[in-house]
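J.: I would like to see how this sequence folds:
(chains A, B, C and D)
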Number of protein chains: 2
Amino acid sequence: MKLTRKERERIARRELIIDAAENLIDRLGIDNITMDTIATEAEVGKGTLYLHFKSKKSIYLAISERGSRLLNHAFGKALLKELPGLKLIEELGRTYLKFVQENPVYFTVFNYYESLINDDDLAQSELAQRCEESAREAMTYIVRALQIGMQDGSINNKYDPHELGIVIWGASRGVIHMAFHKQKKHHMKILDDVNFSLQSLVSNFIELIGTGMANDQRSKNN
Amino acid sequence: MKLTRKERERIARRELIIDAAENLIDRLGIDNITMDTIATEAEVGKGTLYLHFKSKKSIYLAISERGSRLLNHAFGKALLKELPGLKLIEELGRTYLKFVQENPVYFTVFNYYESLINDDDLAQSELAQRCEESAREAMTYIVRALQIGMQDGSINNKYDPHELGIVIWGASRGVIHMAFHKQKKHHMKILDDVNFSLQSLVSNFIELIGTGMANDQRSKNN
DNA sequence: TTATAGTTTTGACTGTCGGTCATTAATTGA
DNA sequence: TCAATTAATGACCGACAGTCAAAACTATAA
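T.: Numbering: from 1, shown residues only, chains lettered A, B, ... in the order given. Got it, this is the predicted structure:
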């Protein structure tokens, strides 16, 4: 279906606002942004922001949605590779790491996600629904890889793939979250003692859970 | 050294304010709290809050510090058990889970920690230093357990205990964070399909990384 | 007990920011 | 060319974190 010029312009304007907000978050940090600065950066009046977004949180949510789409796209591509399931999981891990390194802004906003959808109004919005759907899709990629691995014998099938998927997803986020902040030189004295790179931590993590879920016939009894 | 009555009263008053803030966070959620409500709850004038704390964030940081102390205390007790290192790690995991379930407020505030110490002024404060020190201490408990496990042979010593410690710490936070929010019925449609309890997810996680770091002689070559 | 100096507490006030809406500008269609 | 409709704007509002001059309280001395 063809969009009218007006509809196209409207969408373009909306994207422009999201771009502006992303840039500002990148430059100033997510806690130092005001609606006025976003409006200035996007070269529109403040009121215009509210023609496209219900609230400031809603702009962040839109950024989050955009990020999720990108991540899912990358996940989709990773899953196309002809690899045993266990390797696919590792591939997804590396994909996630790469995404975070290349798109720190999205990762920053993802970490805000909770406070966003704690807003009851916003949680009901169509935008929030799309975000939830994206998250579900990302989960599905992981579960698929696990199922493939259980099929081809590379992953131990004593786990429920859905449950294991959640565990892996949560754990990955946690590890990358911690390592990411070290990289950003935000605080984290814990990590000062030890000087490991984001890469190194994630590799170790992947190896750790890779070993944990591998289907080692000999260790079926534990 | 003995404290004067004044000093004792000052400390008590400070604790009272922290108590009030904790209660409010529990009842209203951390995003719905104002300095005025904290003042009312603590039965002091708003200005008094600022005699004890530099800012609102600083109150949250104080709550965070109190939580860290409690958690470290629990970790310390867990480490006293006479168990092989691998079991100690599992014990720490369960301890952490129990802590989060019994003290959701602290967990909520922990998740705010980043935005707190992104505040440059606050990051320099003595309070922030104590928080960092607490985090380091928690890390140390994990590393100790790992070292014990590598000594007694229950944990594979191919990992660097410090690096592995960070991975485990980050991953645990991630898993519990995700599961915790499901429990709170906050959003998280991803988790609706599957109905796993916090307990169940954490058990799976512990088993997963437990297997991953176990010293299975036969699988030294991977 | 009262006067005085010092200390603590307070809440009215200020600046900032998210969000609104009456007004203005632009676009459309006749 | 001129309404009529739609889009954009920024002055304004309420809420809230943080401040500070004044009030209340305490301790000490006469």
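J.: Low-confidence stretches in chain A?
T.: A:1-3, A:184-195, A:217-222 (pLDDT under 70).
J.: Please enumerate the helices of it.
T.: A:5-28, A:35-42, A:46-52, A:56-80, A:85-102, A:104-110, A:113-117, A:120-124, A:126-152, A:161-183, A:198-213 (DSSP state H).
J.: near DNA strand C, which residues of chain A?
T.: Within chain A, the positions adjacent to DNA strand C are A:5-6, A:33-36, A:46-47, A:50, A:55-57 by C-beta under 7 Å from any atom of the strand. In short, each C-beta sits where N, CA and C put it, glycine included.
J.: coming back round to it: out of the helices of chain A, which is closest to B:Tyr113?
T.: helix A:161-183 (9.9 Å; C-beta to C-beta).
J.: What is the burial count for the residue of chain A found nearest DNA strand D?
T.: Of all residues in chain A, A:Gly47 sits closest to DNA strand D, at 1.9 Å by C-beta to the nearest atom of the strand. As a burial measure, A:Gly47 scores 9 neighbours (other C-beta atoms under 10 Å in any protein chain shown).
J.: give the contact list for it.
T.: Counting by C-beta atoms under 8 Å, 6 or more residues apart in numbering or on different chains, A:Gly47 makes contact with nothing.
J.: try A:Lys81
T.: Counted by C-beta under 8 Å, 6+ apart, A:Lys81 has contacts A:87-88, A:91.
J.: list the contacts for the residue lying closest to A:Asn157 once chain neighbours are set aside?
T.: In this structure, A:Asn157 finds its nearest non-sequential neighbour in A:Met150, 4.2 Å apart by C-beta to C-beta, 6 or more residues apart in numbering or on different chains. A:Met150 is in contact with A:85, A:156-157, A:161, counting by C-beta under 8 Å, 6+ apart.
J.: same check, this time on A:Ile142
T.: A:89, A:92, A:165, A:168-169 are the contacts of A:Ile142 under C-beta under 8 Å, 6+ apart.
J.: Please apply the same query to A:Leu198.
T.: A:97, A:101, A:176, A:179-180, A:182-183.
J.: Show me what from chain A comes close to DNA strand D.
T.: Residues of chain A lying near DNA strand D (C-beta under 7 Å from any atom of the strand): A:6, A:10, A:13, A:44-48, A:50-51.
J.: Determine which two of these are furthest apart.
T.: Counting by C-beta to C-beta, the most remote pair of the residues of chain A next to DNA strand D is A:Lys6 and A:Lys46, 22.1 Å apart.
J.: Tell me how chain A divides into domains.
T.: Split into domains by automatic domain parsing, chain A comes to A:1-52, A:56-219.
J.: before we move on, back to that, just the buried ones from the contacts of A:Met150, in ChimeraX syntax?
T.: Buried subset of the contacts of A:Met150, written as a ChimeraX selection, criterion 16 or more other C-beta atoms under 10 Å in any protein chain shown:
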select /A:85,156,161
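J.: Of the contacts of A:Met150, which is the nearest to chain B?
T.: A:Asn156 (8.3 Å; C-beta to the nearest C-beta).
J.: Relative to A:Gly165, how far out is that closest one?
T.: 14 Å (C-beta to C-beta, to the nearest Å).
J.: So which residues make contact with stretch A:199-211?
T.: Outside stretch A:199-211, the residues that reach it (C-beta under 8 Å, 6+ apart) are A:86, A:89-90, A:93-94, A:97, A:168, A:171-172, A:175-176, A:178-179, B:159, B:163-164, B:166-167, B:170-171, B:208-209, B:211-213, B:219, B:222.
J.: can I get the CA coordinates of it in CSV?
T.: C-alpha atoms of stretch A:199-211 as CSV (Å, rounded to 0.1, in the frame of the first residue of the first chain):
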residue,chain,number,x,y,z
GLN,A,199,36.0,-9.5,24.7
SER,A,200,37.8,-11.6,27.2
LEU,A,201,35.0,-11.7,29.7
VAL,A,202,32.5,-12.6,27.1
SER,A,203,34.7,-15.3,25.7
ASN,A,204,35.1,-16.8,29.1
PHE,A,205,31.4,-16.6,29.7
ILE,A,206,30.6,-18.3,26.4
GLU,A,207,33.1,-21.0,27.2
LEU,A,208,31.7,-21.5,30.7
ILE,A,209,28.1,-21.9,29.6
GLY,A,210,29.1,-23.7,26.5
THR,A,211,30.8,-26.4,28.6
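J.: ok so, going back, list only those of the residues of chain A next to DNA strand C flagged as buried.
T.: A:33, A:35, A:55-57.
J.: Just put those residues in CSV and tack on distance to A:Glu114.
T.: Shown next, in CSV, are these (distance: C-beta to C-beta, whole Å):
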residue, distance to A:Glu114
A:Ile33, 18
A:Met35, 21
A:Ser55, 16
A:Lys56, 16
A:Lys57, 11
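J.: These: which two are farthest apart?
T.: A:Ile33 and A:Ser55 (13.2 Å).
J.: How about the contacts made by the residue in chain A that chain B sits nearest to?
T.: Residue nearest to chain B within chain A (C-beta to the nearest C-beta): A:Gly174, separated by 2.0 Å. Under the criterion of C-beta under 8 Å, 6+ apart, the neighbours of A:Gly174 are B:170-175, B:177.
J.: Nearest to DNA strand C among these?
T.: B:His177 (25.2 Å).
J.: where does that closest one sit relative to A:Trp169, distance-wise?
T.: 11 Å.
J.: For these two, indicate the residue with more neighbours.
T.: A:Trp169 (22 against 18).
J.: What is the neighbour count of A:Phe75?
T.: Neighbours of A:Phe75 (other C-beta under 10 Å): 22.
J.: There's contact between it and A:Glu91 in this structure, I believe.
T.: No - with contact defined as C-beta atoms under 8 Å, A:Phe75 does not reach A:Glu91; the gap is 9.4 Å.
J.: Go through the domains of chain A and pick out the most buried.
T.: domain A:56-219 (a mean of 19; mean count of other C-beta atoms under 10 Å in any protein chain shown).
J.: list the contacts for A:Ile155?
T.: A:85-86, A:89, A:146, A:149, A:213-215 are the contacts of A:Ile155 under C-beta under 8 Å, 6+ apart.
J.: List the single closest residue to it in space, sequence neighbours excluded.
T.: A:Gly149 (3.1 Å).
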